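What follows is a predicted protein model with its sequence.
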Amino acid sequence: FGPFGEHAVNASWIAVQELEKLGLRDGVDLHVYEVPVEYQTVQRLIPALWKKHSPQLVVHVGVSGMATTVTLEKCGHNVGYKGLDNCRFCPGSQCCVEGGPECIDSIIDMDVVCRRVSALGLDVTVTISKDAGRYLCDFTYYTSLYQSCGRSAFVHVPPLGKPYSAEQLGRALQAIIEEMLDVLEHSEDKINCQHEH
């Protein structure tokens, strides 16, 4: 994500740029995008990116001023969006997808990913959450989960230096995404979409 509020420099974008320098394992094409903190842009951009790339997985990364760990989000929520975005806009319906399910879980088993990454001995603590915050992070995650039938993930990072450096966050994202891809490859048979686009 780009800048917003007190985050003149968004740690998530800095961390993703570090990840881009590091890259992922052979055979994985990594595409990175800075997403504006704007509801209407998200509603256009996320489906367009899915259509353009037809990815195996999309991992969204956002900053949380409250976070002190790298946090794997289990699900996205459809309703409860009341905070104004960078354009001073908020969806009138306060929801992502009219008539969509209240919550959509990622098909990635975040508990497994968390355990595996924690076992690697990185100098970063990884935790799990079921509440991505009902702002643009959660809105984007739900939009992507809906578009992809659950083939999305969301990672919250703390602000830079509180306590991790950009390099630490980039290495953590690299490990997390590689584990997510591994988990995804072993759970392909569980993917079934239950709504129309």
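Arrived safely. Numbers count the residues shown, from 1 in each chain.

where does this structure dip in pLDDT?
Counting by pLDDT under 70, the chain shows low-confidence ranges at 188-197.

which helix is the longest one in it?
In the chain, ranked by residue count with DSSP state H as the criterion, the top helix is helix 166-185.

Assign Ile161 to helix, strand or coil.
One thing to correct before we go on: residue 161 is Gly, not Ile. Secondary structure assignment for Gly161 (DSSP: H, G, I helix; E, B strand; the rest coil): coil.

and it, how many residues sit next to it?
Other residues near Gly161 number 9, with proximity taken as other Cβ atoms under 10 Å. C-beta coordinates here come from the backbone N, C-alpha and C atoms, glycine included.

residues touching it, list them.
By Cβ atoms under 8 Å, 6 or more residues apart in numbering, the contact list for Gly161 is empty.

again with Leu45
With Cβ under 8 Å, 6+ apart, Leu45 has these contacts: Tyr33, Val35.

repeat for Ala48
The neighbours of Ala48, taking Cβ under 8 Å, 6+ apart as the test, come to nothing; the list is empty.

mind starting the numbering at 41 from now?
Done: numbering now begins at 41, and the last item shifts to Ala88.

can you tell me which helix or strand it belongs to?
If you go by DSSP states H and E, Ala88 is part of helix 79-93.
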